[in-house]
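Peer 1: Please find the sequence and the predicted model below.
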Amino acid sequence: MQTQPIKSISNPKLSLNILSPEEVRQIHEATLHVIEKTGVRFPSERALDIWQESGAAVDRESQIVRVPGHVIEEALKHAPPAYDLAARNPAQDLPLDGNHVFVGTDGCGVEVLDLYTGQRRTSCLQDVADIARVADYLPEVGFHWVAVSAQDKPPETRSLHELLAIWQNSTKHVQTESVYSAAEARVAVEMATAVAGSPESLRQRPVLSIMQCTAPPLGQDGGSVDAALIAAEAGLPTGFMTMTSCASTAPATLAGNLVVGNAEVISGLALIQLAYPGAPVFYAAAQTAMDLRSGAYTGGGPEDFLFGAATNVLADFYNVPLSMGSFATGAKEPNWQAGIDNSLSTFMASIAMSDMLLGVGLLHGSRIWSYEQMLMDCEIFDMVRQTLRGIEVNEETLALDVIDAVGAGGHYLAQKHTRKHMRQLWLPKYMDRRPYTEWQEKGDNARDWANAEARRILETHQPEPLEPGLVKELERMIVGLETAVVQ
C-alpha cells in the first residue's frame, strides 16, 4: 500500500486559557521550593555525581538531592525548544515546533484483545510487530510507542526485541518507554545508530527517542536515569514522564499534583542538560486522580482532562516539547466510556497544542490492547483535528455569488462551489450515520467495522522492509546482550 501523509493538528484557530501567567509562575516557584527544600530521589551514582558537581546538596544514603532553584533554571535554558523526530522514511519526520500535534500508540500494555478471536490474552512479540504494521498504515498515527510488552522474550532484552519488531514493520519514528537499564540503553543506541547509518547521522536525524517514567512521589528510577543519560549522550531526544495521582502519590488538589509532577519532570530534564547541554529533551505527563472507591488508577475523568491542558502550559513555560498521556481510557472494552474519556482528553490536550499525544488503542488504563479501539481513537483524533481548524472567513467561503445564484428555495448540489469545497466536510468511518432501518436490519456497529478494517490492513499492508543484512546486525546486537546477561 502507498504511504499516506501523516495527519496532525497544525496552527489551530481555537485556543484555551487554563492557567494564567501568574498561576504558572506560582506553580514554578512552588516546584523550585520542593526541589530545593524537600528534594527528589535519584538512585543513580552517576546522577548523584552530576548533581554534586553542579552544587546540589546530595545525601548519598537516602539518594535525595536538594538543588538550588537557580541551578534548575539555568540548566533548563540550554534545552532546545524545537527539533524533529526522524523516521526511517524522511517524509514522515515529525517537527516538534509547538505548531503541530501528533498522535502515537500507547504503552506498555500486557494483554491483547485478539483481533480474530476477540479473547483477552497475554501480549507477545508478534503483537508488537502486528500493531506496528497497522499503525504504520494509519495516517493519524504519527509515531510509535511500544504498545504492548513482548512477554515471550527475556526481560533483560525485551525492549530491544520490541524495537527491532517495530523497525521491521514501520518506517515511522519510534519512541520507547521500555528501556530501563544502562545495558539496554547502550544496545538500543547501537541499534539506532545502525538504522540511521552512523553516530553523526543519528544525532542529526534521531530515529529513536526514549521516555522514562518517574517514581512518584518525588523520585526517579535509577536504571531509567542511567539509560536516559546514555541516550542523551548519543543525541536521542529524552523525556521524563510523571504519573502522579491525586490523593495517593500527590496531594489531593490539582495544583499540588502539578507541583509534585513538575518537580519530578524538570529535575530529570535539568540533570540531562547539566550532563549534556543542548541535548533534545521533552516534558512528559500522564497525571490522574486516584479512584476514591478502590484506590486504583482512573484513566479518565475531569482531572485527567484538565491535567492534559495544564501540563502543556507548563511545558511551554520551560520552552520544551510535551508528550502527553491522552486516550488510554479506563474502560474495559470499546464503549461509551471509552468514547467520552478519549474524546475529552484528546480535545483538551490538542487545543493546548501538546506536541505528542499518547494512548491510541489501549483500554483499562493502558493495560489491554484493542485494535478496534485503536481505529476508533484515530477517528476521535481526526474529529478533533477537523474541529480545531475552526471556521475560515473570506470572500470565497462567504460564497455570496453562490447564494445569489441559488436564491430562495433552491439547492446547492449542482454548484461548482459545492464540488470545489464539499470534500473539506468531514466524513466518519466508524460513527453510524445510516438510516435507522438499515442499522436495524444489518445489526453491525462501529466495533465490527473497525475490526474488519484492522484485519484488512494487517493482511495487506507491507511497509518498506529493513535490509536483511541490517536485520541480522540488529539481531546480533540483541544476542550479544543476552549472552552477556547469561554469563
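Peer 2: Sure, I can see it. Numbers count the residues shown, from 1 in each chain.
Peer 1: For Asp291, which non-adjacent residue is spatially closest?
Peer 2: Thr298 (5.1 Å; Cβ to Cβ, 6 or more residues apart in numbering). Placement of C-beta: from N, CA and C, glycine included.
Peer 1: For the one you found, the count of nearby residues, please.
Peer 2: Thr298 has 19 neighbours, counted by other Cβ atoms under 10 Å.
Peer 1: Backbone torsions only: list them for it.
Peer 2: Per-residue torsions, Thr298: phi -90, psi -50 (degrees, to the nearest 10).
Peer 1: Would you check that it makes contact with Leu292?
Peer 2: No: counting by Cβ atoms under 8 Å, Thr298 sits too far from Leu292 to count as a contact (9.6 Å).
Peer 1: re the thing from before, which ones are touching the residue nearest to Asp291?
Peer 2: Thr288, Ala289, Met290, Asp291, Asp304, Gly330, Gly365 (Cβ atoms under 8 Å, 6 or more residues apart in numbering).
Peer 1: Could you do Ile131 as well?
Peer 2: Ile131 is in contact with Thr105, Ala147, Val148, Gly361, Trp369, Tyr371, Met374, counting by Cβ under 8 Å, 6+ apart.
Peer 1: residues contacting the first one?
Peer 2: Contact analysis of Thr105 by Cβ under 8 Å, 6+ apart lists Ile131, Ala135, Val141, His144, Trp145, Ala147, Leu358, Val360, Gly361, Leu362, Met374.
Peer 1: Using JSON lines, lay out these together with distance to Ala338.
Peer 2: Putting the contacts of Thr105 into JSON lines (distance: Cβ to Cβ, whole Å) gives the following:
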{"residue": "Ile131", "distance to Ala338": "18"}
{"residue": "Ala135", "distance to Ala338": "18"}
{"residue": "Val141", "distance to Ala338": "17"}
{"residue": "His144", "distance to Ala338": "21"}
{"residue": "Trp145", "distance to Ala338": "18"}
{"residue": "Ala147", "distance to Ala338": "16"}
{"residue": "Leu358", "distance to Ala338": "15"}
{"residue": "Val360", "distance to Ala338": "12"}
{"residue": "Gly361", "distance to Ala338": "11"}
{"residue": "Leu362", "distance to Ala338": "10"}
{"residue": "Met374", "distance to Ala338": "11"}
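Peer 1: in the stretch 201-350 of the chain, which ranges drop under the pLDDT threshold?
Peer 2: In the predicted model of the stretch 201-350 of the chain, no residue satisfies pLDDT under 70.
Peer 1: which stretches of it form strands?
Peer 2: 208-213, 238-242, 245-246, 281-285, 288-289, 322-325 (DSSP state E, counting those that start in this stretch).
Peer 1: again, but for the stretch 51-200 of the chain
Peer 2: 57-59, 64-66, 83-85, 94-96, 100-105, 111-113, 120-122, 141-145, 173-176.
Peer 1: closest to Ser343 out of these?
Peer 2: If you check each of the strands of the stretch 51-200 of the chain against Ser343 by Cβ to Cβ, strand 100-105 wins as the nearest, at 13.3 Å.
Peer 1: What residues of that closest one count as buried?
Peer 2: Buried residues in strand 100-105, defined by neighbour count with 16 or more other Cβ atoms under 10 Å: His100, Val101, Phe102, Val103, Gly104, Thr105.
Peer 1: likewise stretch 152-162?
Peer 2: Buried residues in stretch 152-162 (16+ other Cβ under 10 Å): Lys153, Glu156, Thr157, Arg158, Ser159, Leu160, His161, Glu162.
Peer 1: likewise stretch 193-210?
Peer 2: Thr193, Ala194, Val195, Ala196, Ser201, Leu202, Arg205, Pro206, Val207, Leu208, Ser209, Ile210.
Peer 1: Break the chain into its domains for me.
Peer 2: The chain is divided into the following domains under automatic domain parsing: 9-18+76-388, 395-424.
Peer 1: Averaged pLDDT, the last one. What do you get?
Peer 2: Pointing back at domain 395-424 there. Average pLDDT, domain 395-424: 96.
Peer 1: And it, what's buried?
Peer 2: Buried-residue list, domain 395-424, by 16+ other Cβ under 10 Å: Ala399, Val402, Val406, Gln415, His417.
Peer 1: helix/strand/coil for the residue nearest the centre of the chain?
Peer 2: The chain has Leu358 as the residue nearest its centroid, 3.1 Å off, counting by Cα atoms, centre = their mean. Taking DSSP: H, G, I helix; E, B strand; the rest coil as the rule, one finds Leu358 in the strand state.
Peer 1: so it makes contact with Met324?
Peer 2: Yes: assessed by Cβ under 8 Å, Leu358 is found in contact with Met324 at 6.9 Å.
Peer 1: intersection of neighbour lists for those two?
Peer 2: Residues touching both Leu358 and Met324 (Cβ under 8 Å, 6+ apart) are Ala286.
Peer 1: could the contacts of Ile131 be laid out in CSV, adding distance to Met241 and pLDDT?
Peer 2: CSV is the format used below for the contacts of Ile131 (distance: Cβ to Cβ, whole Å; pLDDT from 0 to 100):
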residue, distance to Met241, pLDDT
Thr105, 15, 93
Ala147, 16, 96
Val148, 18, 97
Gly361, 18, 96
Trp369, 19, 97
Tyr371, 25, 97
Met374, 21, 97
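Peer 1: Tell me the one among those residues nearest to Pro428.
Peer 2: Comparing the contacts of Ile131 against Pro428 with Cβ to Cβ picks out Met374 as the nearest, at 15.8 Å.
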